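**Q** Sequence and predicted model, in that order:
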Amino acid sequence: MFTGLLHPYQPRAVDQFLARGKTLVAYEMGLGKTPIAIAAAEELLGCKDITTALLVVPAALIYQWAQALAQFTDLPTRTIQLKRQPIVVPAEPGLVIVDGPPKKRWRQLAKCSAFGENRTPDYVIMSYDTVVSDTRKVRRIRAGMVVLDEATAIKNFGAERTLTIKRALTPPYRLALTGTPVENRPEDAYSIMEWADPGVLGPFDLFEKTYIERYSNGTVARYKNLPVLHAKLSTAMVRARRSDPDVKPFLPDVDHATWHVDLDPTNQAMYDLMAKDLLEELSSLRNIGSFDLGAYYSGADMNAFGLGKAMAVQQAIEMFLDHPALLRDRDTDYIRRLGQIYVTSTPKLDYLAERVGEILEFPGNKVLIFTRWLGMLSLIGQRLPLRCLLYQGEMTPSQKTGVVAQFAASDGPRVLISSHAGAYGTDMRMVSHLINYDLPWSGGMRSQINGRHQRASSEFAKVYIRDLIVRGTIEERKLSMLEYKQSIAAAVADGKMPRSGRIENDLVGLADFLANC
């Protein structure tokens, strides 16, 4: 039985799913997609329409989901220890958690059909990676309902994870959850919907012909007919935004602003040298047409487009602006050509340390700092004069949950420094200030990051977001690109049309930006 209390804007998502059986719940971050999914599963379990619900989630969220099941259902519970922090989760056979090395996972998967008298667990939780690694064993669970949390995990058509999920998990009840159904491009939503309800958007060749125009080299020129795409998607998608009148009263107010940092003369001279190199590389590539530089960070082969050297310089500049030490630790052809880097001043980190100190002068404030570079986690931690917790992708799910539990404690550390591995799903209701030390390339990831503490469960009436940007550098250009990507996402998910569906020529635009700085 569902024991929680849904906010007034949440039951419509439960009702639509129960009526259709296949739904994409695209509520923005912090609006309570987890209790929606549990309420829907409890209804199906109570009516005996299903015997087991399979929850497929990012590995870092396994224990967070387990805690939510203990909170929102009447299943018997047990207490487990994670990084010396106790958490309460449902006891077996109500819940089987599949996590850990292969032999441990296989024992856990075997339990799903070994409780006797045809008793199957109400819930099974596992990661996307487990579905890929243990596909045959996962199929034996025969779950009547599957929930894909952070369903952007299957946004890339050709990825092994996406193909496996679509082949292996085909239950009658399918619920996809994501606050960002479009991370960078409308094709993201198509791939998710191909699993959630394949009949809604039809075959991809028709989708492409209807909504995408391409240059002769195959890159996207513009997206078209976005109102039609939004209308079709809405037949199987239920959407809620933080700005909706029935949602806003349950959320904290948000103050989002930019902190601008100026380079000192020594850093400026080095930046100018590197920017000149990048401009020269880009100028030689203008004949390849439009290309999204962000594709580099999505795994595209830049060398196939002649972009390898340009991307190396681009990445080196971004690292240098964060901290010169990030470059000194790398052994690349570009860094060797640049020569020994003698710059030691760190204007960006100095500014961050000063502002964090001001924030923490107020009792109760807690700060969450995001950076894309793993090396920056320790550099920031060493610079701040207090104990900080670190969160990054190489940690195990139980370690991540333990860190969040320590941070949530009233007497716990007041600063958490996270890589972008913390962008998805983590509930940071205890955070007053979120600082982006640098920016991701993905518009969807930016939305995910900024939504970590904008939650109905927030402990604050007002929360803050600050983007740390070095003035007059490519970081300013990157911020404008992200805002444009998010406008395309809003057109598909929310029906808010951008001023143009045309994709900016990133090579030419970036080259012009560098030339005019």
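**A** Yes, it's here.

**Q** count of neighbours near Asp253?
**A** 12 (other Cβ atoms under 10 Å). C-betas here are computed from N, CA, C, even on glycine.

**Q** Name whatever forms a beta bridge with it.
**A** Lys462 (DSSP bridges).

**Q** same thing with Phe370?
**A** Residues in beta-bridge contact with Phe370 (DSSP bridges): Ser418, Asn436.

**Q** Test my guess that it contacts Leu434.
**A** Yes: the criterion here is Cβ atoms under 8 Å, and Phe370 meets it with Leu434 at 7.2 Å.

**Q** Quickly list what's touching both of these two.
**A** Ile449 (Cβ atoms under 8 Å, 6 or more residues apart in numbering).

**Q** Keeping just the C-alphas, turn stretch 362-370 into CSV.
**A** The C-alpha atoms that make up stretch 362-370 are tabulated as CSV, following Å, rounded to 0.1, in the frame of the first residue of the first chain:
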residue,chain,number,x,y,z
PHE,A,362,25.5,32.0,7.9
PRO,A,363,24.6,28.9,10.1
GLY,A,364,22.7,26.2,8.3
ASN,A,365,23.9,27.0,4.8
LYS,A,366,25.4,24.1,2.9
VAL,A,367,27.2,24.3,-0.5
LEU,A,368,27.3,21.9,-3.4
ILE,A,369,30.0,22.5,-5.9
PHE,A,370,30.0,20.9,-9.4
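
**Q** Which of the residues in it are classified as buried?
**A** Of all the residues in stretch 362-370, those buried under the rule 16 or more other Cβ atoms under 10 Å are Asn365, Lys366, Val367, Leu368, Ile369, Phe370.

**Q** Wait, the second one touches Arg429, no?
**A** If I follow you right, that is Lys366. No: between Lys366 and Arg429 there is no contact under Cβ under 8 Å: 10.1 Å.

**Q** sorry, back to before: I'd like the buried residues of stretch 362-370 laid out as JSON lines, including pLDDT and distance to Trp106.
**A** Below are those laid out as JSON lines (pLDDT from 0 to 100; distance: Cβ to Cβ, whole Å):
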{"residue": "Asn365", "pLDDT": "96", "distance to Trp106": "45"}
{"residue": "Lys366", "pLDDT": "97", "distance to Trp106": "39"}
{"residue": "Val367", "pLDDT": "97", "distance to Trp106": "41"}
{"residue": "Leu368", "pLDDT": "97", "distance to Trp106": "36"}
{"residue": "Ile369", "pLDDT": "98", "distance to Trp106": "38"}
{"residue": "Phe370", "pLDDT": "97", "distance to Trp106": "36"}
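
**Q** can I get these in CSV with distance to Asn217?
**A** Shown next, in CSV, are these (distance: Cβ to Cβ, whole Å):
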residue, distance to Asn217
Asn365, 50
Lys366, 48
Val367, 45
Leu368, 41
Ile369, 40
Phe370, 35
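
**Q** Pick the one among the residues you listed closest to Leu206.
**A** Phe370 (38.7 Å; Cβ to Cβ).

**Q** need the contact list for the closest one.
**A** Ser418, Ser419, His420, Gly422, Ala423, Leu434, Ile435, Asn436, Tyr437, Asp438, Ile449.

**Q** and with 10 Å instead?
**A** Neighbouring residues of Phe370 by Cβ atoms under 10 Å, 6 or more residues apart in numbering: 376, 391, 416-423, 434-440, 445-446, 449-450, 452, 468.

**Q** Ok, Ile469 next?
**A** 258-261, 321, 348, 436, 438-439, 475-476, 478-479.

**Q** 8 Å instead, please
**A** Counted by Cβ under 8 Å, 6+ apart, Ile469 has contacts Thr258, Trp259, His260, Val261, Leu439, Glu475, Glu476, Leu479.

**Q** Can you tell me how far the last one is from Gln268?
**A** When Cβ to Cβ, to the nearest Å is applied, the distance between Leu479 and Gln268 equals 19 Å.

**Q** What of the third one?
**A** Applying Cβ to Cβ, the value for His260 to Gln268 is 14 Å.

**Q** What sits closest to Pro8 if chain neighbours are left out?
**A** Spatial nearest neighbour of Pro8, chain neighbours left out: Asp246 (5.9 Å); criterion: Cβ to Cβ, 6 or more residues apart in numbering.

**Q** if I've got this straight, that neighbour is in a strand?
**A** No: per DSSP: H, G, I helix; E, B strand; the rest coil, Asp246 lies outside any strand segment and is coil.

**Q** And it, its phi and psi?
**A** phi -90, psi -10 (degrees, to the nearest 10).
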